[in-house]
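Peer 1: pasting the structure only:
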């Protein structure tokens, strides 16, 4: 029987005050954690060996990144997909494609590489008024396929290859969906978890090496772990109201957060809002298969 999971108290390791901190991504090539301030148009790099954090101005509103097989990154930004290179402390875009030129009010939001090497990213109405978002998949030939719609605020995805699953969230509707996937399409999508007003809003997600789903809860002061059947297994209480996403590296968890929209009294009460947090887990919950690369995009 597996021992009960425990964790250390969350510790702020980079108090950067991000407006909308999101998208933590470990790059094993550099042993560095990258994450984003979407609204602040900033990329952060935290060196795990030295603990040094660098701040890089983004050439636009980057919302999600994935490791590119040939080096650098593939990203989602306000106007579609792009290659992203970072050299000498400067970031550069090479646009690939924008699948929503007909929706100028939309922007891209969360995204991840899947086990097959495709990049999935979701869109949303930047004003958060319309349910006009969709999930898109970028393939190695540079083509995009619409996977699912409509969504109000897309977050995720999280992949469970052992069960052939993908989890997709509509944060505004406080709903996490689960669907079967073969890497190119989804089938039999259905609600997996539905939350209420006291739970917070499900935001960024990750599936760990044991097939359990971790979710950061905006306005929920928590990161929670759920079994493949949907049972609550574990909770990490956070010292900020708006944790946004997470990355697991062996027995370490890094959690991003946001400060945007907080009342002044909350900014005073929770001064580390927008920071990056570290939590040590009592056992490793990520392995080599959790590191995924987007296959080279042929333009």
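Peer 2: Perfect, thanks for sending it. Keep in mind the model is a prediction, meaning the values are calculated, not measured.
Peer 1: okay, residue 141: pLDDT?
Peer 2: What the model reports as pLDDT for residue 141 is 87.
Peer 1: surely it is within a strand?
Peer 2: No. Under DSSP: H, G, I helix; E, B strand; the rest coil, residue 141 sits outside any strand and is assigned coil.
Peer 1: quick check: it vs residue 244, distance?
Peer 2: Distance of residue 141 to residue 244, given as C-beta to C-beta, to the nearest Å: 32 Å. Heads up, the C-betas are built off the backbone N, CA and C, glycines and all.
Peer 1: out of the two, which sits in the busier spot?
Peer 2: Using other C-beta atoms under 10 Å, the more surrounded residue of residue 141 and residue 244 is residue 244, with 29 against 9.
Peer 1: the one helix or strand residue 202 maps to pairs with which strands?
Peer 2: Using DSSP states H and E, residue 202 falls within strand 201-207. According to DSSP bridges, strand 201-207 forms sheet pairs with strand 213-218 (antiparallel).
Peer 1: the stretch 1-150 of the chain: strands as residue ranges?
Peer 2: Per DSSP state E, counting those that start in this stretch, the stretch 1-150 of the chain carries strands over the ranges 11-14, 21-27, 32-37, 42-47, 53-57, 62-68, 73-77, 80-87, 90-97, 106-113, 119-125, 133-138, 144-151.
Peer 1: closest to residue 236 out of these?
Peer 2: For the strands of the stretch 1-150 of the chain, the distance to residue 236 is smallest for strand 11-14, at 11.7 Å, taking C-beta to C-beta.
Peer 1: who does that closest one touch, helix- and strand-wise?
Peer 2: strand 42-47, strand 276-280 (3 or more C-beta pairs under 8 Å, 6 or more residues apart in numbering; DSSP states H and E).
Peer 1: so where's the protein shaky on pLDDT?
Peer 2: Applying pLDDT under 70 to the chain flags residues 1, 299.
Peer 1: hmm, back to that, how far away from the center of its chain is the strand holding residue 202?
Peer 2: Computed by C-alpha atoms, centre = their mean, to the nearest Å, the separation of strand 201-207 from the middle of its chain amounts to 7 Å.
Peer 1: got the contact list for that strand?
Peer 2: The contact list for strand 201-207 (C-beta atoms under 8 Å, 6 or more residues apart in numbering) reads 22-24, 110, 155-160, 167, 169, 171-172, 174-176, 193, 195, 213-220, 243-248, 256.
Peer 1: show me what contacts residue 110?
Peer 2: 22, 23, 63, 64, 121, 122, 154, 155, 156, 157, 204, 245.
Peer 1: let me see the contact set for the closest residue to residue 138 other than its chain neighbours.
Peer 2: Closest residue to residue 138 apart from its sequence neighbours, by C-beta to C-beta, 6 or more residues apart in numbering: residue 119 at 4.4 Å. When the contact criterion is C-beta under 8 Å, 6+ apart, the partners of residue 119 are 66, 74, 76, 81, 111, 112, 113, 137, 138, 294.
Peer 1: and residue 119, how far from residue 32?
Peer 2: Going from residue 119 to residue 32 by C-beta to C-beta gives 20 Å.
Peer 1: repeat that for residue 289.
Peer 2: Counting by C-beta to C-beta - residue 289 and residue 32 are separated by 20 Å.
Peer 1: which of the two has more residues huddled nearby?
Peer 2: The residue with more neighbours, out of residue 289 and residue 32, is residue 32; 19 against 10, by other C-beta under 10 Å.
Peer 1: the more buried one touches residue 44, doesn't it?
Peer 2: No. When contacts are counted by C-beta atoms under 8 Å, residue 32 is not listed as touching residue 44 (9.8 Å).
Peer 1: and for residue 11, the neighbour number?
Peer 2: By other C-beta under 10 Å, 13 other residues sit near residue 11.
Peer 1: that one contacts residue 275, doesn't it?
Peer 2: No. Counting by C-beta under 8 Å, residue 11 sits too far from residue 275 to count as a contact (9.9 Å).
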